[in-house]
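**Q** Quick one: sequence plus predicted model below, questions after.
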Amino acid sequence: DRPLTSAGDLAVFLATLESGQMLTPASRAKLLDAMKGNVFRQGIPAGANGQVADKVGFLDNFLHDAAVVYSPNGTYVLSVMSEDSSWAKIAELTRAIERLRAS
């Protein structure tokens, strides 16, 4: 048996982290700052209009990106788990969500 998670699980985790319900304020800030410094910026960060604290995962043909997005239209959480996808597709999905949030 392997541990399993879902995009929803990641979104709940990030929303709880962002809301301050998890970790001490100093630990929360340290974790979010580390996520903002993630070197893999081709997915959600490439499509977002604001600062992004994200964590990616990739193995074989799986590509995932989960983020807290600090958008001019408000902070939100986005989690994408994909198979046989690309960073460009994740960035485009993020752009589409940003357009919907702006309207």
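**A** That came in fine, so what should we check first? Numbering: from 1, shown residues only.

**Q** If I look at residue 102, what pLDDT would I see?
**A** Looking at residue 102, its pLDDT is 85.

**Q** Quick check: the gap between it and residue 77.
**A** Using Cβ to Cβ, to the nearest Å, residue 102 is found at 17 Å from residue 77. Any C-beta I mention is one placed from the backbone N, CA and C, and that applies to glycine too.

**Q** Could you do residue 69 as well?
**A** Taking Cβ to Cβ as the measure, residue 69 falls 7 Å from residue 77.

**Q** Looking at those two, which is more packed in?
**A** Under the criterion of other Cβ atoms under 10 Å, the comparison of residue 69 against residue 77 puts residue 69 first, with 26 against 19.

**Q** Give the burial count for the closest residue to that one other than its chain neighbours, as a bare number.
**A** Once flanking residues are discounted, residue 69 sits nearest to residue 48: 4.9 Å by Cβ to Cβ, 6 or more residues apart in numbering. By the criterion of other Cβ under 10 Å, residue 48 has 22 neighbours.
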